[in-house]
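*Asks:* predicted coordinates and the sequence they were generated for:
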Amino acid sequence: MNTHPYLRAYMAGVTVPSMMLLVVLTGFVVARYVFQIPIPIERAIIFPMALVPNIFGLWNIFFVWLRSRRHLPIGFHGAILPFLLAPIGFVLATGSGFLTTTSAGLVWFHELIVPYAFLASGFCVALIAYYLVWKYLVGFFNEVLGIA
């Protein structure tokens, strides 16, 4: 019987970011409609809703495929993902017109300037977060689905 390990790996990978999108979308809605922060939700949430869950699923399929060839712990495998997502997000955000670069930092929605030092520290926090999410959450779902 074919157990479809890649399909199960995709489902395990998609689960975590799909749950987190509910939290992120709630934050955007509260920021926009309760605190009147002018964030165009429809433009800002396209990348996370459309691509991130699918990329997580494909990245987990890649982990399962790689497991028989090289053994890399799932946490480190997940910590590599921000190195792919950050450039993809940057290209899509600048192409969509709501992110521009200046000498002081990135300008988000032509209003908010994010300094490069803040971006660097945020990227380090993202690496740690991705490591923990992949090690504990995605790893848990992989075990539940029998592909760990």
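*Replies:* The structure has been received and is ready for your questions. Numbers count the residues shown, from 1 in each chain.

*Asks:* what sits against the residue nearest the centre of the chain?
*Replies:* Residue closest to the mean C-alpha point of the chain, counted by Cα atoms, centre = their mean, is V52 at 4.9 Å. Residues in contact with V52, defined by Cβ atoms under 8 Å, 6 or more residues apart in numbering, are P17, L21, L85. Heads up, the C-betas are built off the backbone N, CA and C, glycines and all.

*Asks:* try 7 Å
*Replies:* Under the criterion of Cβ atoms under 7 Å, 6 or more residues apart in numbering, the neighbours of V52 are P17.

*Asks:* ok, it to I88 distance?
*Replies:* 10 Å (Cβ to Cβ, to the nearest Å).

*Asks:* again with K135
*Replies:* Counting by Cβ to Cβ - K135 and I88 are separated by 23 Å.

*Asks:* what of L51?
*Replies:* Distance from L51 to I88, by Cβ to Cβ: 7 Å.

*Asks:* select the longest helix from the chain.
*Replies:* helix 5-29 (DSSP state H).

*Asks:* tell me the buried residues in that one?
*Replies:* 5-6, 8-10, 12-17, 20, 28 (16 or more other Cβ atoms under 10 Å).

*Asks:* sweet, I'm off.
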